[in-house]
Every structure is written in structure tokens, then in C-alpha cells.
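Participant: This is the structure alone, sequence omitted:
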């Protein structure tokens, strides 16, 4: 998420686990684990470094402040105003926040949606906006009505994401491949595209392989060549 103000800044939302990533990776082969907390801009009520979201769908909001959304995933859109933003793994929104409220401290909230996100502290992921930087008081502000943990895990409305510069999509070839999820004998979740399940070498990802000029792909890498330029592939 990018905040537009006198100087632009990035505000990453992250989930957080107290368990080492190597241990979490093994556990995730069977099902997503329950995460311990979340971070706003890399911190919460303690100072630490974090990664970007692994398994959490957030409702982001700032008490007593609305947000003007001007871009989605780096693409400019017709601006719209909202008091909350639904944001999930890998998504990005550019917003403008106008500081029009009374001089006080206000909670910034990244609320994990418990319908699809397992998090011990789903409603305890905070930041603070201070109009007076010398204030040491915790905010007493009240959340927006739809900034709770039990909202649906849905994206922003498609009707709101109206491209600022419209693009007319060309017709794409009428082909369809099925994406299926199967459970193997070890009760692990496997994503299967076509006839192969995806398996990558995490220390040699496909982008690095391509960058090094190696275009020999194993079937389990699930690399699809797109023969025509300027066509949509859904």
C-alpha cells in the first residue's frame, strides 16, 4: 500500500509468526498454519523486521479518516473514496489520506479476516497516526463499522476499479485449461495444472532461470508459452 502525502511512502501490511520460516514451510505442506500476529510497516507494538503477507486477508482502515484510492496494483484508476480497503496477499493500492480530523491520535488498523485467515491476534494489529508528534497517549478513536474481523474475504468491488485510461481488451483464443486441487497420500495439498502438479526449485526460481538464459523447463515447472502478443490470458 502506498500513502500519498507531501512525500510518498510505502506502508506494507504483513502477517507474523513466531515460528521460523523453515518450520512454517514444512507445516504449510498440509494446511496453512495459524499465525501469531501482524505488522504495519514492519512493526506492531514491538520493533522487528517482517516479510510481506503469507496467508492473511486484511481490512485496512484509519479511524476517523477516509481514503481516496487512486491506483490498484500500480495501475491508475478513477479515484474513489472509502473508509476501509480490502487487501490480500501481493496486492497494492495507492491512496491519498487527507488530514482533516481534530488534533488527536488515531488508530491505523489492519484487521485479519478470520473467515479465511487464521491469526491469534486478528484484531490486534495496529499503527498510530499522531497529529501532535510529542503526544505519548494511546488513541481512543473508534473503528469504522465495517472494519471488523468477520467481514467477507473479498476484493474491492470491481465497479470501483475503473481504469483511468480505459483499455479495450482484444478477443483471446477460445481455449480453457482446468485448475484442480488434489490431496496426495501424505495429505499434502498439491496444485495441479493440466497433467502436472507444480514443483519449483526455490533456490533457482523460474525468473532467475530465465534471466540466466536457461529456457529448458521441466514439466513440473508448469511454464506455458504464449504464442501471440497483446492478447489477454485469464
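Facilitator: Thanks, I have the structure now. If you're wondering where the values come from, they're calculated on a predicted model, not measured in any experiment.
Participant: Could you use CA atoms for every contact and neighbour count after this?
Facilitator: Noted.
Participant: I'd say residue 66 and residue 80 touch.
Facilitator: No - at 10.2 Å, residue 66 does not count as touching residue 80 under the criterion of CA atoms under 8 Å.
Participant: which one of those two has more residues nearby?
Facilitator: residue 66 (20 against 14; other CA atoms under 10 Å).
Participant: Could you count how many residues lie near the residue nearest to that one when sequence neighbours are not counted?
Facilitator: In space, and not counting its chain neighbours, residue 66 is closest to residue 83: 4.5 Å by CA to CA, 6 or more residues apart in numbering. When neighbours are defined as other CA under 10 Å, residue 83 has 19 of them.
Participant: Angles on the backbone of residue 83, please.
Facilitator: The phi/psi pair for residue 83 (degrees, to the nearest 10) reads phi -90, psi -20.
Participant: next one: residue 210
Facilitator: Residue torsions, per degrees, to the nearest 10, at residue 210 are phi -60, psi -40.
Participant: Now do the same contact list for it.
Facilitator: Under the criterion of CA atoms under 8 Å, 6 or more residues apart in numbering, residue 210 has no neighbours.
Participant: Please tell me the pLDDT value assigned to it.
Facilitator: In this model, residue 210 is scored at 90, pLDDT.
Participant: how far away is it from residue 217?
Facilitator: 10 Å (CA to CA, to the nearest Å).
Participant: so how far is stretch 146-161 off the chain centroid?
Facilitator: Centre-to-centre, stretch 146-161 and its host chain are 13 Å apart (CA atoms, centre = their mean, to the nearest Å).
Participant: Helix, strand or coil: sort out residue 96 for me.
Facilitator: Following DSSP: H, G, I helix; E, B strand; the rest coil, we place residue 96 in the strand state.
Participant: Quick check: it vs residue 80, distance?
Facilitator: Using CA to CA, residue 96 is found at 10 Å from residue 80.
Participant: Overlap in contacts, those two.
Facilitator: Common contacts of residue 96 and residue 80, defined by CA under 8 Å, 6+ apart, comprise 68-70.
Participant: What is the nearest of these to residue 120?
Facilitator: Among the shared contacts of residue 96 and residue 80, residue 69 lies closest to residue 120 (CA to CA), at 29.5 Å.
Participant: For that closest one, give me its contacts.
Facilitator: Residue 69 touches 77, 79-82, 93-96, counting by CA under 8 Å, 6+ apart.
Participant: and if you look at residue 215?
Facilitator: residue 209.
Participant: Next one: it from residue 208, what distance?
Facilitator: 11 Å.
Participant: Ok, residue 100 next?
Facilitator: 46 Å.
Participant: What's the local residue count around residue 158?
Facilitator: Burial of residue 158 is recorded as 7 neighbouring residues (other CA under 10 Å).
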